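**Student:** attaching a predicted model along with its sequence, questions to come.
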Amino acid sequence: MKFISTRGNDTATGAEAIVRGIASDGGLFVPEYFPQVTAEELAQMLPMSYAERAATILHKYLGEYDFEGLKAACEKAYAQFEGGDAAPLVKIDSSLYMLELFHGPTCAFKDLALTLLPYLLRKGCDIAGIEKDVLILVATSGDTGKAALEGFKDAPGVKIMVFYPNDGVSKMQKLQMATQEGNNVAVVAVKSNFDDCQSAVKAIFTSEACKEELFEKGYLLSSANSINFGRLAPQIAYYFSAYLDLVSSGQIEAGEKVNFAVPTGNFGNILAAYYAKRMGLPVGKLVCASNKNNILTDFMRTGVYDRRREFYKTMSPSMDILISSNLERLLFELSDRNPVRIKLRMDKLKEDGVYEIYDEERAALSELFYADFCGEDETVETIYEFFEEYQYPMDTHTACAMYAAANYTEKTKDKDTPMVVVSTASPYKFPQDVMYALTGNDIKDSFKAIKHLNLTTAMKPPKSLAKLRDKPVRFHTVADKDKLYAEVVRFADEK
Ligand SMILES: *Cc1c(COP(=O)(O)O)cnc(C)c1O
């Protein structure tokens, strides 16, 4: 399959799209068409393991990768998940389910893609005949950075550098990154917010001068951010798998519709749900949940995307984003794949901070999505109330999705369509906030909070977080937002 840029001036094979990360015209690579999964194929996927289901979906987009290789890579990636299932579906109530995506090495859903991306990238280089080393730059609001570092540490022929907002991630997230092991990794704190980190990294990617200088030093630039199609594709698989689990456990009949509620930041996770729907999965409504940074809620309700607003730091930091990059891919579909229109809007967003879509696009948008947001107080209340009722502890991001899902059900009185809430992080990743929500206690020390959370909920803490306590901090660099390229060059020159 061929991939095309949302801005109209670049094409690539699947392997090239993954290796390059972003199109040369600044757009994002999208598949030329949506491969279909028929009802028969769905039925054939029922008895498969998670890894095999994932490989089946991936192969539809990445035909140049051989299926057996993909399957082996998926098996290896998903064997790292605690409990033996990478994406277990947990029944909470008669038509309410949690899709738990936090059992991987870094306890957030990013692991589903980033445990596999190193294979997709290395193999992609082989297929595309690229012999250079790859230098991966990542801007992170917290969870991507750690998952990418873990995925790529000590991978041959790869170096990875991660930028995170110095005051914009949780203590646990910071510690996870600053203690990262591996000989090919670097971590830099940036004196700014996530949007600036992301813009700075994107600017390096689209600068011919930067690319050339690094190329001469022996590196090809690539991205592990969710703008990379190699991040998106593995995420499509868990929507299929959740659906198949509902069918095989007799909760629904094949063909029945299912709603999904997704805590959303950069729009990667929920976009994967939309792609699954376009591939033929019977998906009903997609509930797009934001936190206090509710730019997407406003956009879906009014058709105006306006980033000229205050940026809030919340207890769900991985959703503290004003520029949702992957929305560009959805806009492309809503516009009937009109790259000229997309380029105009993205230029307008950059220059004026605002753009508006047409009425018919907005109508299509509200057909597909229900948008809502969850403030800080509501996040705390949702965690508390849900635990009181179901004894199920959830993290601050998941709580936003649960809140929006409850509002959707309340408003539409649609109590019969199954609702799957996508749980994107372990509550142990944000132990202080979750403990505060459950007990009102403000615990200063993260590890103490983990211990108390364990006593309060009886849920087992993930091994990887408990081990952090004894690891030495390796990275101390704090940089200005306009000095990031200098850090990249310094890292490229390191032996
Ligand atoms: C990254 C992240 C999100 C947001 O996902 P997007 O794909 O950026 O929309 C939500 N929750 C958690 C825990 C995350 O790490």
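**Tutor:** Received, thanks. Numbers count the residues shown, from 1 in each chain.
**Student:** quick check: residues of the protein near the ligand?
**Tutor:** Proximity of the chain to the ligand (CB under 6 Å from any ligand atom) is limited to residues 108, 110, 143, 226, 263-269, 318-319, 397, 424-425. Using the backbone N, CA and C atoms, a C-beta is placed for each residue, glycine as well.
**Student:** which pair of these spans the longest distance?
**Tutor:** Farthest-apart pair in these is Phe267 and Ala425; separation 17.1 Å (CB to CB).
**Student:** follow-up on the earlier one: using ChimeraX, define a selection of the buried residues within the residues of the chain next to the ligand.
**Tutor:** In ChimeraX syntax, the buried subset of the residues of the chain next to the ligand is picked out as below (16 or more other CB atoms under 10 Å):
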select :108,110,143,226,263,264,265,266,267,268,269,318,319,397,424,425
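**Student:** from the residues of the chain next to the ligand, which land in strands?
**Tutor:** Of these, the ones assigned to strands by DSSP state E are Pro263.
**Student:** which single one of the residues of the chain next to the ligand is nearest to Gly303?
**Tutor:** Among the residues of the chain next to the ligand, and counting by CB to CB, the member closest to Gly303 is Phe267, at 16.1 Å.
**Student:** list phi and psi for that closest one.
**Tutor:** phi 70, psi 20 (degrees, to the nearest 10).
**Student:** my read: it touches Ile295, true?
**Tutor:** No. Counting by CB atoms under 8 Å, Phe267 does not reach Ile295; the two are 10.7 Å apart.
**Student:** the stretch 1-150 of the chain: helices as residue ranges?
**Tutor:** Under the criterion DSSP state H, counting those that start in this stretch, the stretch 1-150 of the chain carries helices at the ranges 14-20, 39-45, 50-61, 67-78, 110-114, 117-128, 143-152.
**Student:** just send the ones you listed back as TSV, with mean pLDDT too.
**Tutor:** Conversion of those to TSV gives the following (pLDDT from 0 to 100):
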stretch	mean pLDDT
helix 14-20	95
helix 39-45	98
helix 50-61	98
helix 67-78	98
helix 110-114	96
helix 117-128	94
helix 143-152	92
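**Student:** so which of those helices is the most packed in?
**Tutor:** Highest mean neighbour count among the helices of the stretch 1-150 of the chain (mean count of other CB atoms under 10 Å): helix 110-114, with a mean of 29.
**Student:** C-alpha coordinates for that helix, CSV please?
**Tutor:** The C-alpha coordinates for helix 110-114 follow below in CSV (Å, rounded to 0.1, in the frame of the first residue of the first chain):
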residue,chain,number,x,y,z
LYS,A,110,2.0,4.0,24.6
ASP,A,111,3.7,0.6,25.3
LEU,A,112,1.3,-1.1,22.9
ALA,A,113,2.9,0.7,20.0
LEU,A,114,6.4,1.5,21.3
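**Student:** now do that helix: which elements does it pack against?
**Tutor:** Judged by 3 or more CB pairs under 8 Å, 6 or more residues apart in numbering; DSSP states H and E, the packing partners of helix 110-114 are helix 143-152, helix 229-248.
**Student:** state the distance from the residue lying farthest from the centre of the chain to Val201.
**Tutor:** Here the centre of the chain is the reference, and by CA atoms, centre = their mean the most remote residue is Glu216, at 31.9 Å. From Glu216 over to Val201 the distance is 20 Å, taken as CB to CB, to the nearest Å.
**Student:** one more: Gly303?
**Tutor:** 29 Å.
**Student:** neighbour count: the two, which is higher?
**Tutor:** Using other CB atoms under 10 Å as the criterion, Gly303 and Val201 rank with Val201 on top: 27 against 17.
**Student:** what angle separates whichever helix or strand that one is part of from helix 143-152?
**Tutor:** Element membership for Val201 (DSSP states H and E) is helix 194-205. With axes from the mean of the first three to the mean of the last three CA atoms, to 10 degrees as the basis, helix 194-205 and helix 143-152 are set at 50 degrees to each other.
**Student:** what comes up buried for helix 194-205?
**Tutor:** Buried residues in helix 194-205 (16+ other CB under 10 Å): Phe194, Asp195, Asp196, Cys197, Gln198, Ala200, Val201, Lys202, Ile204, Phe205.
**Student:** tell me the contacts of the last one?
**Tutor:** The reference is to Phe205. Gly21, Ile22, Leu137, Lys211, Leu221, Ser223 (CB atoms under 8 Å, 6 or more residues apart in numbering).
**Student:** now the helix holding Val201: average pLDDT?
**Tutor:** Averaging pLDDT along helix 194-205 gives 90.
**Student:** one more: stretch 290-303?
**Tutor:** The average pLDDT within stretch 290-303 is 98.
**Student:** ditto for stretch 443-462
**Tutor:** The predicted model assigns stretch 443-462 a mean pLDDT of 94.
**Student:** what mean pLDDT does stretch 169-189 get?
**Tutor:** Averaged across stretch 169-189, the pLDDT comes to 93.
**Student:** end to end, how far does it reach?
**Tutor:** End-to-end span of stretch 169-189 (CA to CA, to the nearest Å): 10 Å.
**Student:** residues of it that come out buried?
**Tutor:** Within stretch 169-189, the residues that count as buried by 16+ other CB under 10 Å are 169-170, 172-180, 184-189.
**Student:** how distant is that stretch from the center of its chain?
**Tutor:** 18 Å (CA atoms, centre = their mean, to the nearest Å).
**Student:** in the stretch 1-150 of the chain, what residue is nearest the ligand?
**Tutor:** At 3.1 Å from the ligand, Asp143 is the closest residue in the stretch 1-150 of the chain, using CB to the nearest ligand atom.
**Student:** contact partners for Ala233?
**Tutor:** Listed by CB under 8 Å, 6+ apart, the contact partners of Ala233 are Ile57, Leu58, Tyr61, Leu62, Ala113, Leu120.
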